[in-house]
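Trainee: sequence and predicted model, in that order:
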Amino acid sequence: MSPIALSDTELAEVMAAARLAPHDLRQTYLERVAVELRGREILGPGIVHRVAFMIARGISWDSERAAS
């Protein structure tokens, strides 16, 4: 995968959302964020925030369900 150019603000959004994901699933989280953002023509702080937190919540929710 080639790198995605993110501004400092966008990277901060990705890292803030990563805190929601369980530690052992953060690599998966980052990979999913990269795949989702790579498909976008236009990036900005709002889009990056929305995508990052959507994926982090999904991963957290899935891991909580699996633990039950």
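Mentor: Sure, I can see it. Small disclaimer: the values here were computed from a predicted structure and weren't measured. Residues are numbered from 1 along each chain as shown.

Trainee: now do the contacts for the residue most central in space within the chain.
Mentor: Among the residues of the chain, the one closest to the centroid is Ala52, at 3.3 Å (Cα atoms, centre = their mean). For Ala52, the contacting residues are 13-14, 16-18, 33, by Cβ atoms under 8 Å, 6 or more residues apart in numbering. Any C-beta I mention is one placed from the backbone N, CA and C, and that applies to glycine too.

Trainee: hey, where'd the helices end up in the protein?
Mentor: Taking DSSP state H, the helices of the chain run over residues 8-18, 26-38, 45-67.

Trainee: of all the ones you listed, which one is nearest Ser2?
Mentor: Across the helices of the chain, the minimum distance to Ser2, taken as Cβ to Cβ, is reached by helix 26-38, at 8.2 Å.

Trainee: what angle separates the closest one from helix 8-18?
Mentor: Between helix 26-38 and helix 8-18, the angle comes out at 140 degrees (axes from the mean of the first three to the mean of the last three Cα atoms, to 10 degrees).

Trainee: now what about stretch 20-38, what contacts it?
Mentor: With Cβ under 8 Å, 6+ apart as the contact definition, stretch 20-38 has outside contacts at 1, 4, 14, 17-18, 43, 47-48, 51-53, 55-57, 59-60, 63.

Trainee: what average pLDDT does that stretch get?
Mentor: The predicted model gives stretch 20-38 an average pLDDT of 94.

Trainee: flag every buried residue along it.
Mentor: Residues of stretch 20-38 classed as buried by neighbour count (16 or more other Cβ atoms under 10 Å): 20-21, 25-26, 29-30, 32-33, 36-37.

Trainee: including distance to Thr9, could those go into a markdown table?
Mentor: Formatted as a markdown table, the entries for the buried residues of stretch 20-38 read as follows, by distance: Cβ to Cβ, whole Å:
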| residue | distance to Thr9 |
| --- | --- |
| Leu20 | 18 |
| Ala21 | 20 |
| Leu25 | 24 |
| Arg26 | 20 |
| Tyr29 | 19 |
| Leu30 | 17 |
| Arg32 | 20 |
| Val33 | 15 |
| Glu36 | 18 |
| Leu37 | 14 |
